[in-house]
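Peer 1: After the sequence you'll find the predicted model.
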Amino acid sequence: MAAALLQHDLELFLEHLRHGRALSENSIRGYRNDLDSLLAFIEARVDGDPSTAGLDLDTLRDWLWQGTEQHLARATIARRSASVRGFTRWLHESGRIPADVGVRLRAPKAESRLPRVLTRPQIDGILQSLSAAAASGEPGALRDLAVVELLYGSGLRVGELVGADQGDVDLERLTVRVLGKGAKQRVVPFGVPAAAALGRYLEGARPVFAAHAGADAVAFFLGRSGRRLGSRAVYTLVARLLEPLPGSGPAGPHSLRHTAATHLLDGGADLRAVQELLGHASLGTTQIYTHVSTERLRESYRSAHPRA
């Protein structure tokens with residue numbers, strides 16, 4: 001099988017992920033990056049003529065080992081292993097290779113890290129600073145406040161937030177309809193402060209952005225150019241807000257999702273209700289936040305109890 005044909009199989013596999021499994025574009029991009037790396041490794045190994053003959057267990061192990069030698073994170077190696085196992089399984093099930101050569105591939109487990117969670121004073125400080133900036137009526141400040149209020153108030157993923165259309169947000173019922181992972185739709189509640197921020201954005205900011213020629217008439221959140229607000233812009237906003245705060249872990253919009261879930265559980269919310277709010281397919285995924293709450297309890301105990 002020539003290089004072009006193996007690359008063709010990869011494209012078909014990605015289409016299978018997109019339409020057959022309804023994975024998000026971010027997930028598909030991750031598969032592509034991993035498997036492009038594998039194909040490049042095979043090409044270098046066989047002097048420019050990769051084929052499915054290069055997809056043997058030893059080659060896959062050597063590819064993962066190369067990543068280890070390049071000091072890639074254990075989470076990255078584990079993700080690469082999962083990507084190639086999915087690819088070889090599909091190749092076998094679709095009759096392109098006689099056996100699934102990746103079924104015995106193993107990789108180190110990703111390091112177990114608790115997500116970054118902001119304290120109540122930290123999130124209150126962020127929202128107060130954004131509210132003060134929005135008091136000027138500047139459109140960008142109004143939008144930034146609405147974005148952060150909705151992320152924290154609903155626990156949305158950033159892709160769900162920027163993918164929302166005007167008809168998805170119901171300010172009377174305090175709900176937003178989103179399309180989550182696996183193309184599953186759900187309706188998520190948000191609070192009165194978020195509703196107030198969203199209303200001010202709709203009145204004082206969105207019309208300004210929408211006045212640009214060729215503006216997106218459907219998207220709820222718009223950028224300054226009038227196009228749908230992108231995930232990168234939201235990442236930049238949240239990273240800027242979190243940069244001066246103490247704490248470790250990724251400083252992106254997912255931190256607000258983690259914070260919302262943890263604060264809900266701290267406040268006595270039912271784990272199943274939090275699972276439904278976040279759109280998790282498995283309760284096990286939601287249970288990470290119980291560990292976060294337990295760790296926060298331990299820290300409070302160690303700092304406050306005289307016999308700790």
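Peer 2: In hand now; what should we look at? Residues are numbered from 1 along each chain as shown.
Peer 1: all helices in the chain, in order from the N-terminus.
Peer 2: Secondary structure of the chain by DSSP state H: the helices cover 3-15, 25-45, 57-69, 74-93, 120-134, 139-154, 158-163, 192-204, 206-210, 231-242, 253-266, 271-278, 283-286, 288-304.
Peer 1: Would you format those helices as TSV with mean neighbour count included?
Peer 2: All C-beta atoms are positioned from the backbone trio N, CA, C, and that covers glycine. Formatted as TSV, the helices of the chain follow (neighbours: other C-beta atoms under 10 Å):
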stretch	mean neighbour count
helix 3-15	15
helix 25-45	16
helix 57-69	15
helix 74-93	19
helix 120-134	15
helix 139-154	24
helix 158-163	22
helix 192-204	18
helix 206-210	17
helix 231-242	17
helix 253-266	22
helix 271-278	16
helix 283-286	13
helix 288-304	13
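Peer 1: Kindly reformat those as CSV containing mean pLDDT and distance to residue 107.
Peer 2: Shown next, in CSV, are the helices of the chain (pLDDT from 0 to 100; distance: least, C-beta to C-beta, whole Å):
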stretch, mean pLDDT, distance to residue 107
helix 3-15, 82, 19
helix 25-45, 89, 12
helix 57-69, 88, 6
helix 74-93, 92, 3
helix 120-134, 96, 35
helix 139-154, 96, 32
helix 158-163, 92, 26
helix 192-204, 97, 40
helix 206-210, 97, 45
helix 231-242, 93, 27
helix 253-266, 87, 23
helix 271-278, 82, 27
helix 283-286, 70, 20
helix 288-304, 61, 21
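Peer 1: what's the closest of these to residue 104?
Peer 2: helix 57-69 (6.0 Å; C-beta to C-beta).
Peer 1: Need the helices of the chain in JSON lines (columns: distance to residue 101).
Peer 2: JSON lines is the format used below for these (distance: least, C-beta to C-beta, whole Å):
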{"stretch": "helix 3-15", "distance to residue 101": "14"}
{"stretch": "helix 25-45", "distance to residue 101": "12"}
{"stretch": "helix 57-69", "distance to residue 101": "5"}
{"stretch": "helix 74-93", "distance to residue 101": "5"}
{"stretch": "helix 120-134", "distance to residue 101": "48"}
{"stretch": "helix 139-154", "distance to residue 101": "42"}
{"stretch": "helix 158-163", "distance to residue 101": "33"}
{"stretch": "helix 192-204", "distance to residue 101": "50"}
{"stretch": "helix 206-210", "distance to residue 101": "51"}
{"stretch": "helix 231-242", "distance to residue 101": "35"}
{"stretch": "helix 253-266", "distance to residue 101": "34"}
{"stretch": "helix 271-278", "distance to residue 101": "36"}
{"stretch": "helix 283-286", "distance to residue 101": "29"}
{"stretch": "helix 288-304", "distance to residue 101": "33"}
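Peer 1: Which among those helices is found nearest to residue 175?
Peer 2: Smallest distance to residue 175 across these (C-beta to C-beta): 8.9 Å, for helix 139-154.
Peer 1: And residue 222, how far from residue 45?
Peer 2: Residue 222 sits 48 Å away from residue 45, going by C-beta to C-beta, to the nearest Å.
Peer 1: To residue 185, which of the helices of the chain lies closest?
Peer 2: Using C-beta to C-beta, the nearest of the helices of the chain to residue 185 is helix 158-163, at 10.2 Å.
Peer 1: So what touches that closest one?
Peer 2: With C-beta atoms under 8 Å, 6 or more residues apart in numbering as the test, helix 158-163 has contacts from 24, 26, 147, 150-151, 178-180, 219, 221, 228-231, 234-235, 252-254, 279.
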